[in-house]
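> mind looking at a prediction? Sequence and model below.
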Amino acid sequence: MNRAAEITFDHVTKRYAGRDAAALDDLSLEIPAGSFCILVGPSGGGKTTALKMVNRLIPFDAGDIRIDGRSVRDIPVVELRREIGYVIQQVG
């Protein structure tokens, strides 16, 4: 049975090799269980990076991302990805 879960970004930073600026720099955000969250911003603003870090498609460098208080780093990746659904803007 699927259920809603709280997602928390706690001072999350992501830097890509060869780039001066961080893709995400000290992002803190709490998304309450059962709510909708829309990330809006310019191309290259970190929206896709933030989304892909939740299910560990991209590793983050600092901070933590938690689902219902549990770090995504502590959840086996297969279990984590089977419990997450999301919609992307464009399909490549």
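On my side now, so go ahead.
> tell me the pLDDT at the residue nearest the centre of the chain?
Most central in the chain under CA atoms, centre = their mean is Val54, positioned 3.2 Å from the mean C-alpha point. Listed pLDDT for Val54 reads 95.
> for stretch 71-91, give the mean pLDDT please.
So the average pLDDT for stretch 71-91 ends up being 85.
> buried ones in it, by neighbour count?
Residues of stretch 71-91 classed as buried by neighbour count (16 or more other CB atoms under 10 Å): Val72, Ile75, Leu80. The way it works is simple: take the backbone N, C-alpha and C, and place the C-beta from them, glycine included.
> over to the last one. Which of the three states is it?
In terms of secondary structure, Leu80 is helix; the call rests on DSSP: H, G, I helix; E, B strand; the rest coil.
> list the contacts of it.
Neighbouring residues of Leu80 by CB atoms under 8 Å, 6 or more residues apart in numbering: Asn55, Arg56, Ile67, Val72.
> show only the entries of those residues found in strands.
Residues of the contacts of Leu80 located in strands (DSSP state E): Ile67.
> need the contacts of Leu80 in TSV with distance to Leu24, can you?
Formatted as TSV, the contacts of Leu80 follow (distance: CB to CB, whole Å):
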residue	distance to Leu24
Asn55	15
Arg56	15
Ile67	18
Val72	15
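> and the contacts of Leu80, which is closest to Gly85?
Asn55 (9.7 Å; CB to CB).
> so that closest one touches Gly85, yeah?
No. Look at Asn55 against Gly85 with CB atoms under 8 Å: they stay out of range, at 9.7 Å.
> show me what contacts the residue nearest to the centre of the chain?
Contacts of Val54 by CB under 8 Å, 6+ apart are Ile7, Ile65, Ile67, Val72, Ile84, Tyr86.
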